[in-house]
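K.L.:
Any chance you could fold what I've pasted below:
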Amino acid sequence: MKHLNRFSLLRLWTLAWLTSVWVLLWGNVSPANILGGIAVGLGIMMLLPLPKVPVEGRIHLRSILTLTGVFFYYAAESSLSVAWLAVRPQSPPVTGVLRCRIAIKSDLVLTLFVDAMNLVPGTMVLEIDQTRRLLYVHVLDMGSQKSVDSFYAYVRHLERLFIAAFERETDWRPSPLHFQEYERYHGVLGDDITTPPEGRRDDKKIDDEREGKWT
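P.N.:
All right, here's what the predicted structure looks like:
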């Protein structure tokens, strides 16, 4: 019943959003436009249904506020860095693609995480290995080890904030819709490498130990 209520609320929210878009397209709030929006929304939801996306955690508003503030800080900081790289009297920065493993379990939260990374200037997620939870990210400035370390620190910080906001371990409830092969889905990577006691993960060290073999 709990999962049904979540699903029903999500369907109602989708219908409300589609109705709002319809009303905005017409530019006039009227009973006819609202009823028309509801009819169009129901038609879209019935004829073009989206796949079910399981919601497996809980939303923590305080953590979301913290995440939002940190995100805007990173966006502003990166905007200034990109602007400086564009106008500085030096050669263009060294660019490249870095690989990082993400501990986020939910596909929904992972999508939000990738969207946030793409909105920050200077980084662009090029590929997502969904099964192994690997991201391949194009980074604008890789001219020094400090820049690379700074990128990984930024990814880890953002990752921790997303987990705190959406999928804390105490709230995690795997959905049967998504985790029919739960152990295989999230157990393919990292099981043979112990996490340091302090909880920090060194992606470069892990990659070196695996010698590039992430299977």
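
K.L.:
what's Lys146 in contact with, if anything?
P.N.:
By C-beta atoms under 8 Å, 6 or more residues apart in numbering, the contact list for Lys146 is empty. (C-beta placed from N, C-alpha, C; glycine too.)

K.L.:
Look up phi and psi at it.
P.N.:
Backbone torsions for Lys146, taken as degrees, to the nearest 10, come to phi -60, psi -40.

K.L.:
just His138 next, same as before
P.N.:
Taking degrees, to the nearest 10 as the convention, His138 sits at phi -80, psi 120.

K.L.:
Spatially, what comes nearest to it if we skip its sequence neighbours?
P.N.:
In this structure, His138 finds its nearest non-sequential neighbour in Met124, 4.6 Å apart by C-beta to C-beta, 6 or more residues apart in numbering.

K.L.:
what secondary structure does the one you found sit in?
P.N.:
Following DSSP: H, G, I helix; E, B strand; the rest coil, Met124 is assigned to strand.

K.L.:
which residues touch it?
P.N.:
Contacts of Met124 (C-beta under 8 Å, 6+ apart): Met117, Asn118, Val137, His138.

K.L.:
out of these, which are inside helices?
P.N.:
Met117, Asn118 (DSSP state H).

K.L.:
Where does the most centrally placed residue in the chain fall, secondary structure wise?
P.N.:
Nearest to the geometric centre of the chain sits Phe113, at 1.7 Å (C-alpha atoms, centre = their mean). Take DSSP states H and E as the rule and Phe113 turns out to sit in helix 107-119.

K.L.:
what's in contact with that helix?
P.N.:
Contacts of helix 107-119 (C-beta under 8 Å, 6+ apart): 53-55, 57, 71, 75, 102, 104, 123-125, 128, 130, 133, 135, 137, 155, 158-159, 162-163, 166-167, 178.

K.L.:
which of the residues in it are buried?
P.N.:
Neighbour counts over helix 107-119 (16 or more other C-beta atoms under 10 Å) mark Leu108, Val109, Leu110, Leu112, Phe113, Val114, Ala116, Met117 as buried.

K.L.:
Ok, stretch 16-36 next?
P.N.:
Buried-residue list, stretch 16-36, by 16+ other C-beta under 10 Å: Leu18, Thr19, Trp22, Val23, Asn33.
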